[in-house]
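*Asks:* sharing a sequence plus its predicted fold:
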Amino acid sequence: MAHELETQNGVASFASFREPAWHNLGTVFNEEVNTQKMLELANLNDWNVRLEELVIPSTLTSDKSYQYVVRTNPTNKTQTDVLGVVGERYVPLQNEDLFAFGDNILDGGGRWETAGSIRGGRVVFGSLALDREIGLDPSGVADKIKSYLLINTSHDGSIAIQASVTPVRVVCANTLNLALNRTKKKDGVKQSFKIRHTQTASGKVTAARTALGIANAYMDEFSKLANELYQKKVDAKKFNEIILAAYPKPDKDSKGSIKKWENKVDLINDIYTGEFNGMIAGNAWGAFNALTERLDWYRSSRGGNNESILAAASGFDPSINAEKNRLLKVVQNVMQIA
């Protein structure tokens, strides 16, 4: 596959607001839509996720009970798809419930931005544009960062419902998922919030309000960090020092490693002075964004395909988020930012 988007009978389960759909698949819509319409556009409605008995062969013994999680195929209603195998305590969640959770977070306001399913329908996600926006240097370049809330869950029991705050640079759609540990709280400010599939409806409302509070607190702290990076000047020598600290030059040229490293460095430099980052080149904020933009939009994925890029650019690829946090620490260390 060239992507992880679920495609059934040539129809991709993905919809996005005004922006081109992934790999030109899915649906682009130009007006704000309600939750039900968003589900329909992304082929997420009426899945009827349910449990069916998993019959264990008589030649095998087990002291536990397992069940299939199945759904009605979104484009062929006569077809049933298996999404996973779960234990007896698992409670199925409908996509409508996930998106209602998003509505609770915004108290029915905000705007749906994207929605879709990946990994054969096992993971479903949606993103909502929040009202919060950060502006850096409003009298000059006015670099803007919007806040989004990504909600996602699985239908195979692998993850709970999760709401994650995702800051995005408007000019390049670069996601900036960072673990901010700069507060006096032991674990820093939270970025995400999880609830179990088995939580009650009233519990979900309470959880949604908590998640919205987390989003506001996170963006407060993110704004402080972004402004601090923006104020730190970076010349060409210092930017090269940041690159070398992030990606040291290989000692030996094993399997063309030096050439690959040179290509990576050249790409980062091109991004740093290019269309989207040239406006903020010359400070630590621009340096950091050059490093992270390569991860979201330019990196080569393993195995010769791009199956992880959608998750990375959407903000819920754990490996990419971890790498962005590593790069932030590199920039902070080189620039001596606490």
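*Replies:* Perfect, thanks for sending it.
*Asks:* Asn325 and Leu176 touch, don't they?
*Replies:* No: Asn325 lies out of contact with Leu176 (C-beta atoms under 8 Å); the separation is 10.3 Å. No exception for glycine: its C-beta is placed from N, CA and C like everyone else's.
*Asks:* between the two, who's got more neighbours?
*Replies:* In terms of neighbours (other C-beta atoms under 10 Å), Leu176 is the more surrounded of Asn325 and Leu176; the figures are 21 against 15.
*Asks:* name the nearest residue to the more buried one, sequence neighbours excluded.
*Replies:* Closest residue to Leu176 apart from its sequence neighbours, by C-beta to C-beta, 6 or more residues apart in numbering: Pro167 at 4.5 Å.
*Asks:* break the protein into its domains for me.
*Replies:* The record assigns the chain these domain ranges, following automatic domain parsing: 7-44+92-228, 232-334.
*Asks:* would you reformat the ones you listed as JSON lines and include distance to Val55 and mean pLDDT?
*Replies:* Supplementary listing: these in JSON lines, determined by distance: least, C-beta to C-beta, whole Å; pLDDT from 0 to 100:
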{"stretch": "domain 7-44+92-228", "distance to Val55": "19", "mean pLDDT": "79"}
{"stretch": "domain 232-334", "distance to Val55": "33", "mean pLDDT": "81"}
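*Asks:* right, and Met279 touches Asp143 too?
*Replies:* Yes: applying C-beta under 8 Å, one finds Met279 in contact with Asp143, separated by 6.7 Å.
*Asks:* okay, helices next: where are they in the chain?
*Replies:* Listed in chain order, the helices of the chain (DSSP state H) span 35-41, 95-106, 201-231, 236-246, 257-273, 284-293, 309-314, 318-334.
*Asks:* what's the most buried one of those helices?
*Replies:* Stretch with highest mean neighbour count among the helices of the chain: helix 284-293 (a mean of 26; mean count of other C-beta atoms under 10 Å).
*Asks:* for the residue nearest to Leu176, give me its contacts.
*Replies:* For Pro167, the contact set (C-beta atoms under 8 Å, 6 or more residues apart in numbering) comprises Ile134, Ile145, Lys146, Ser147, Tyr148, Thr175, Leu176, Asn177, Leu178, Met219, Phe222.
*Asks:* circling back: of Met279 and Asp143, who's got more company?
*Replies:* When neighbours are counted by other C-beta under 10 Å, Met279 and Asp143 differ, and Asp143 comes out ahead with 22 against 15.
*Asks:* please name the nearest non-neighbouring residue to that one.
*Replies:* Closest to Asp143 by C-beta to C-beta, 6+ apart is Leu136, at 4.4 Å.
*Asks:* repeat for Ile159
*Replies:* Excluding its sequence neighbours, the residue lying closest to Ile159 (C-beta to C-beta, 6+ apart) is Thr153, at 6.3 Å.
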